[in-house]
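>>> Fold the following.
(chains A and B)
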Amino acid sequence: MLKRLITSREALLIGAIVLLLVLISTRFPGFVRPANLANVFNDTSPLILLAIGQMIVILTKCIDLSVAANLALTGMVVSMVNVAAPGLPMAVILAVAIGLGALLGMFNGILVWKLQIPPIVVTLGTMTIFRGTIFLLSDGKWVNSHEMSPAFKALPRTDFLSLPVLSWMAIIAVILFTIVMTRTTLGRAFYAAGGNPHAATYAGINVGKTQFWAFTISGALAGLTGYLWVSRFAVAYVDIAGGFELDVVAACVIGGVSIMGGIGTVAGALLGALFLGIIKNALPVVDISPFWQLAISGGAIIIAVALNAQANREKGRIILKRAEHAT
Amino acid sequence: MSTTERLIPDRLRSPMEQKLKSWETLLLLVAIAIFVANSFASPYFLNAWNLSDATFNFTEKAMIAFAMALLIISGEIDLSVASIIALASTAMGAAVQMGVGTPGLVLIGLGVGVLCGAFNGLLVTRMGLPSIVVTIGTMSLFRGISFIVLGDQAFRGYPASFSWFGQGYVWWVISFEFVLFAIIAVIYAVLLHKTNFGRAVYAIGNNATGAMFSGIRVNRVKFILFLLTGLMSGVAAVCLTARLGSTRPSIATGWELEVVTMVVLGGVSILGGSGTIIGVVIAAFVMGLVTFGLGLLNVPGIVMSIVIGALLIGVIALPRLWSMWRAD
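Okay, here's the model as predicted:
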């Protein structure tokens, strides 16, 4: 039991993160001050929110490359709503963000479920469609800070128990989805649908419908993040969070989520996101150009997926060699 | 994932009927329709030089799409092609600063492409990793290296003889790129449809285990396909860099999507196992004509990307919707 806990993916990642922090603190001790770590966590919160959604999608053997475009589109829509009706209570704005995000996710989900189009094709397509729609809606213009209402901009920065609301959103999502994934029928269905679709079908699980719900959750989280993103940076335009979907997939892969489906945890996604977030925040303080970030996340994806494959191979004994390995 | 009933027809369709009802014929009709619509929509469309300019919209992408078609038919995918262009172009730019001449530049561009393809291929075939994650990773890695080298700078100063690869004309309005595109199309059509290698690619895509037991070296074929895709990205990098005359790390951003769209639009099954080169050729013309026509009508690029995205989903969704509707 103890051995399993120590050699688990999560424990390894925690070890890697601690090692990373120690390395950074030798160059710049101020980085590991609690206040700064809280800042890093806050900065990584959007990535955590999206990684949880992506983790669920990948569990069901799918992939959602449209999350960043969904985020940008929802962010643009809520900021335009805010400009048009500044008096609207924040609860309505949040509902619009989550609702619209979920709707966009459902669009992906329907195409995957009812038309059985491969998820990568669907989300590559919707990724460009969503981005293009932002342009059509905004005419390529920016929604700037001075056009947004103070309440709209204040919410993610409001402190509650000395942490900003943005951080709390990530914490709540982590707790909520840990419960969903481990304690509910739907959560188990996600694992079953991805782990062995045929067995899941015989067990009475509608695999396509489960994938639909995974996309819906991923979309809803992207929508919520969309509002948090534009209000935190106080600007909305076509290209916000461009290429962020790769960071999200990277966080999942680093967190031990198997791209073949069925393997992954919320804690893994959280740690994967934190790992990338710490690197991103540490690069400037240890004097490495931020231009390194893209290559580092690419390298991290490749190393992580190689490790994942190695780890999955060790499970069980090979009785009969698989055909592919014989060559 | 779902099991479909297979009906065995009483009589096979005649070869003529098969040809007429094929995806390629449909696509060709779409291409002709777009061509006619464009020539009515804009008075500038039917002009030899304008049409020649329009071919630049797709020639470079189509070169990669041919290799990508083979890769997708074999059941793999390479999302790093645009990043390979960026890295190859950066390498050529760096070589220019050291005073390398045109032949050297071309060799470097092609060489970097092959190396990147080999890296993808090794990870997929030697380590048995899923190609989609590997190439999402190398997509960041290759372009990331360009960003490390260049930052917010650009490489310029390519020799005049080098720019011929992107701007030169072989005869009248026929550009070098267009000729290269045609030659590569023929080579890939022969490779896929007339050689043992091509049959092996189809066999692997339909049933990799079955292919292995019938004596096909599955991993070797896949590795070669990754090499070819890398090489084609290198060729595209040479043409594109020569055409633009400068290298920025953001060069060819988003091309992987357009290349995959071209392949899927050309009737290649994204799940592997079927597809033709002629389909990809027609799809290249369709996409080139759409972008060019919309461009003449002053439609901004990002709106065109909506059309491309909708095309990608639509071409797969419509036949399925159609068969669902007929089944009812």
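>>> how many neighbours does residue 285 have?
Using chain A here. Burial of A:V285, expressed as a neighbour count using other CB atoms under 10 Å in any protein chain shown, amounts to 13. No exception for glycine: its C-beta is placed from N, CA and C like everyone else's.
>>> was after chain B, sorry
B:F285 has 21 neighbouring residues, counting by other CB under 10 Å.
>>> now do B:V30
Around B:V30 there are 19 other residues, counting by other CB under 10 Å.
>>> How about A:V253?
Tallying neighbours of A:V253 according to other CB under 10 Å, which is how burial is gauged here, yields 27.
>>> if I pick it, what's in contact with it?
In this structure, A:V253 makes contact with A:I259, A:G272, A:I301, A:A304, A:V305, A:N308, B:V133, B:G137, judged by CB atoms under 8 Å, 6 or more residues apart in numbering or on different chains.
>>> That one should be in a helix, yeah?
Yes - counting by DSSP: H, G, I helix; E, B strand; the rest coil, A:V253 is part of a helix.
>>> how about B:F58, what does it touch?
B:F58 neighbours (CB under 8 Å, 6+ apart): B:M262, B:A284, B:F285, B:M287, B:G288, B:T291.
>>> Report the central residue of chain B.
B:A65 (1.6 Å; CA atoms, centre = their mean).
>>> Not including adjacent chain positions, what is the nearest residue to B:I174?
Computed as CB to CB, 6 or more residues apart in numbering or on different chains, the closest residue to B:I174 that is not its neighbour in sequence is B:S52, at 7.3 Å.
>>> tell me which element that neighbour falls in.
Per DSSP states H and E: B:S52 is located in helix B:48-55.
>>> so how far is that helix off the chain centroid?
Taking the mean of its C-alpha atoms, helix B:48-55 sits 20 Å from the chain's own mean (CA atoms, centre = their mean, to the nearest Å).
>>> now do stretch A:46-58
When C-alpha coordinates are averaged (CA atoms, centre = their mean), stretch A:46-58 and its chain have centres 3 Å apart.
>>> so does it get close to chain B?
No - if you take CB under 8 Å from any CB of the partner chain as the test, stretch A:46-58 misses chain B, and the best it gets is 9.7 Å.
>>> Low-confidence stretches in chain B?
Per-residue confidence for chain B (pLDDT under 70) gives these ranges: B:1-21.
>>> let's see 80
B:1-22, B:42, B:44-46, B:301, B:315, B:319, B:327-328 (pLDDT under 80).
>>> Over to the stretch 1-150 of chain A?
Counting by pLDDT under 80, the stretch 1-150 of chain A has low-confidence residues at A:1-9.
>>> how about a cut-off of 50?
By pLDDT under 50, the stretch 1-150 of chain A contains no weakly predicted segment.
>>> Next, count neighbours for residue 194.
Picking chain A for this. Using other CB under 10 Å, A:G194 has 27 other residues around it.
>>> that's the wrong chain, I meant chain B
Using other CB under 10 Å, B:K194 has 10 other residues around it.
>>> how about the residue nearest to A:P118 when sequence neighbours are not counted, phi and psi?
If the residues on either side of it in the chain are set aside, A:P118 comes closest to B:I270, at 5.0 Å by CB to CB, 6+ apart. Here the main-chain torsion angles of B:I270 (degrees, to the nearest 10) amount to phi -70, psi -20.
>>> Pull the number of nearby residues for B:I270.
Based on other CB under 10 Å, the number of other residues close to B:I270 is 17.
>>> thinking it is in contact with B:V264, fair?
Yes - applying CB atoms under 8 Å, one finds B:I270 in contact with B:V264, separated by 5.6 Å.
>>> Quickly list what's touching both of the two.
Taking CB under 8 Å, 6+ apart as the criterion, B:I270 and B:V264 both touch A:V121, B:I72, B:I316.
>>> Out of those residues, list just those in helices.
Among those, the members falling in helices are A:V121, B:I72, B:I316 (criterion: DSSP state H).
>>> Check the gap between the first one and B:F58 for me.
Using CB to CB, to the nearest Å, A:V121 is found at 20 Å from B:F58.
>>> Check the last one too.
Here the criterion is CB to CB. By it, B:I316 lies 20 Å from B:F58.
>>> follow-up on the earlier one: quick one: which of the shared contacts of B:I270 and B:V264 is nearest to B:F181?
Nearest to B:F181 among these is B:I72, at 19.1 Å by CB to CB.
>>> can you give me the helices in the stretch 51-200 of chain A?
When assigned using DSSP state H, counting those that start in this stretch, the helices of the stretch 51-200 of chain A occupy the ranges A:67-84, A:90-113, A:119-138, A:150-154, A:165-183, A:185-195, A:197-202.
>>> and the first one, how far from the chain's centre?
Meaning helix A:67-84. Averaged over its C-alpha atoms, helix A:67-84 has a centre that lies 18 Å from its chain's centre (CA atoms, centre = their mean).
>>> can you pull the buried residues of the helix holding B:S52?
Neighbour counts over helix B:48-55 (16 or more other CB atoms under 10 Å in any protein chain shown) mark B:L51, B:A54, B:T55 as buried.
>>> Contacts for it next, please.
Counting contacts by CB under 8 Å, 6+ apart, the residues outside helix B:48-55 that touch it are B:44-45, B:172-175, B:177-178, B:181, B:288-289, B:291-292, B:296.
>>> coming back round to it: closest one to A:A236 among the helices of the stretch 51-200 of chain A?
helix A:67-84 (4.2 Å).
>>> who in the stretch 101-250 of chain B is up against chain A?
Counting by CB under 8 Å from any CB, the stretch 101-250 of chain B sits next to chain A at B:123, B:127-130, B:132-134, B:136-145, B:147-148, B:151, B:208-209, B:212-213, B:217-220, B:249.
>>> Filter the residues you listed down to just the ones in strands.
The strands in this structure, assigned by DSSP state E, contain none of these.
>>> related to what we said a few turns ago, ranking by neighbours, what's the top pick from the shared contacts of B:I270 and B:V264?
For the shared contacts of B:I270 and B:V264, counting by other CB under 10 Å, the largest number of neighbours falls to B:I72: 28 neighbours.
>>> contacting residues around it?
By CB under 8 Å, 6+ apart, the contact list for B:I72 reads B:V260, B:V263, B:V264, B:V268, B:S269, B:I270, B:G272, B:G275.
>>> Three-state assignment for the fifth one, please.
Local secondary structure at B:S269 is given as coil here, using three-state DSSP.
>>> For it, give its distance to B:T229.
Shown here: B:S269 relative to B:T229, a distance of 18 Å by CB to CB.
>>> picking up where we left off before, with distance to B:W255 as extra columns, can I get the helices of the stretch 51-200 of chain A in CSV?
Supplementary listing: the helices of the stretch 51-200 of chain A in CSV, determined by distance: least, CB to CB, whole Å:
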stretch, distance to B:W255
helix A:67-84, 17
helix A:90-113, 23
helix A:119-138, 12
helix A:150-154, 37
helix A:165-183, 34
helix A:185-195, 31
helix A:197-202, 33
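>>> Among these, single out whichever gets nearest to chain B.
The closest of the helices of the stretch 51-200 of chain A to chain B is helix A:119-138. By CB to the nearest CB, the value is 3.3 Å.
>>> from the chain's centre, how far out does that closest one sit?
Here helix A:119-138 is found 18 Å from its chain centre; the criterion is CA atoms, centre = their mean.
>>> tell me which residues of that helix are tucked away?
Buried residues in helix A:119-138 (16+ other CB under 10 Å): A:119-135, A:138.
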